[in-house]
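Student: after the sequence you'll find the predicted model.
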Amino acid sequence: MSATPAPGGPVEKVNLAEKLELLHEYWSPKIVGELNDSHVKLVKFKGEFVWHFHEREDELFLVLRGRLLMKFRDREVRIKEGEFIIVPRGVEHLPVAEEEVHVVLLEPKTTLNTGNVENERTIHQLERL
């Protein structure tokens, strides 16, 4: 009996640990999968990012390794390994990683990493691993 490919392409598994080994820059997300109209991205964080928000997109941050501090204007939330946080559209936030943190991002394909801010960390064309 042969397997029938899924509509839209073959079914492939992704080894997160192997893909993370290919990441050498902080704050530079890479696409590792697609789900409906969203990208699954891997990224390493270290230090402080920039205050920003996304006008039309919600973002999911799943911490695989380390601890992420998500600052909001009115509070702070610590996300540990195995935990995730969803930042709703329009909510200003600042990701901070005191030590290296490995994160899976699930966000719409239209999401710009720096949201409403354009600066040297803005990446318009994401690389696919």
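Tutor: Received the coordinates, thanks. Numbering: from 1, shown residues only.

Student: all helices for this structure, in order.
Tutor: Taking DSSP state H, the helices of the chain run over residues 16-21.

Student: per-residue confidence for the spatially most central residue of it?
Tutor: Centroid check for the chain by C-alpha atoms, centre = their mean gives L105 as the closest residue, at 2.6 Å. Predicted confidence (pLDDT) for L105: 96.

Student: name the nearest residue to it, ignoring sequence neighbours.
Tutor: Nearest residue to L105 in three dimensions, chain neighbours excluded: K41, at 4.1 Å (C-beta to C-beta, 6 or more residues apart in numbering). To be clear about C-beta, it is placed using only N, CA and C from the backbone, and glycine gets the same treatment.

Student: who does the residue nearest to the centre of the chain bridge with?
Tutor: Beta bridges link L105 to K41, F61, judged by DSSP bridges.

Student: which stretches of the chain have low pLDDT?
Tutor: 1-8, 114 (pLDDT under 70).

Student: so which residues of it form strands?
Tutor: Applying DSSP state E to the chain gives strands spanning 30-35, 38-48, 59-65, 68-72, 76-79, 84-87, 93-108.

Student: and these as a markdown table, adding distance to L129?
Tutor: Shown next, in a markdown table, are the strands of the chain (distance: least, C-beta to C-beta, whole Å):
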| stretch | distance to L129 |
| --- | --- |
| strand 30-35 | 5 |
| strand 38-48 | 7 |
| strand 59-65 | 15 |
| strand 68-72 | 21 |
| strand 76-79 | 23 |
| strand 84-87 | 21 |
| strand 93-108 | 12 |
